[in-house]
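1. model this:
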Amino acid sequence: MPSLTVPASLEQLARVHAYIREHVPCEYEEVLGHVLLAAEELLVNIFTYAYQGAHGPAEVDCRLVQRDGQKFLCFMVKDWGPAFDPFHEAPAPDLDRPIDDRPIGGLGIHLIKPLATHVSYTRLHDANVVELYFAKST
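-> This is a model prediction of the structure:
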């Protein structure tokens, strides 16, 4: 499946959502909502922070992969901002504080982790690469 590269801008979310809807195979339709939500959470952070006010691209890709003998839908997002592993560097939200006392934001990665079967981050050729793996229910 071909990837999609867009300018890192919030205005591109609709275009990315359309790409995901078009490229998620019908046998993974049941996880489409999870993929869309996870993609939006990741991309809003990239579009807002990765290029620190400058312009840059974001690349997304949906593909089927085999992992440990099981078939998964893999959603990948790549940016060329400073190295940042969202799964280890993003601060954990304080869910014990009253909701009115919590800062706005900060729940994206917390929401993504249970949606995907597996998550990974790598720094590859000066790019941040996040992959989310979704299994279909059996």
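2. which residues in the chain form strands?
-> 4-7, 57-67, 70-79, 118-124, 127-134 (DSSP state E).
3. would you turn those strands into TSV with distance to residue 46?
-> Where C-beta positions appear, they are placed from N, C-alpha and C, glycine not excepted. Shown next, in TSV, are the strands of the chain (distance: least, CB to CB, whole Å):
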stretch	distance to residue 46
strand 4-7	10
strand 57-67	5
strand 70-79	5
strand 118-124	12
strand 127-134	8
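4. in CSV: the ones you listed, plus mean pLDDT and mean neighbour count.
-> Output for the strands of the chain, formatted as CSV (pLDDT from 0 to 100; neighbours: other CB atoms under 10 Å):
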stretch, mean pLDDT, mean neighbour count
strand 4-7, 94, 15
strand 57-67, 94, 16
strand 70-79, 95, 20
strand 118-124, 93, 13
strand 127-134, 95, 20
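5. tell me the mean pLDDT over the biggest helix by length in the chain?
-> Ranked by residue count under DSSP state H, the longest helix found in the chain is helix 32-45. For helix 32-45, the mean per-residue pLDDT is 91.
6. tell me which residues in that helix are buried?
-> Buried residues in helix 32-45, counted by 16 or more other CB atoms under 10 Å: 32, 34-36, 38-43, 45.
7. just curious, which of those is nearest to residue 59?
-> Each of the buried residues of helix 32-45 was scored against residue 59 by CB to CB, and residue 43 proved nearest at 10.8 Å.
8. which ones are touching that closest one?
-> 12-13, 16, 58, 60, 77 (CB atoms under 8 Å, 6 or more residues apart in numbering).
9. tell me the phi and psi of residue 56?
-> phi -170, psi 170 (degrees, to the nearest 10).
10. what's around it, how many residues?
-> 15 (other CB atoms under 10 Å).
11. one more: residue 46?
-> So residue 46, with other CB under 10 Å, has 23 neighbours.
12. distance of it from residue 69?
-> Distance, residue 46 to residue 69, using CB to CB, to the nearest Å: 32 Å.
13. same check on residue 4?
-> As judged by CB to CB, residue 4 and residue 69 stand 29 Å apart.
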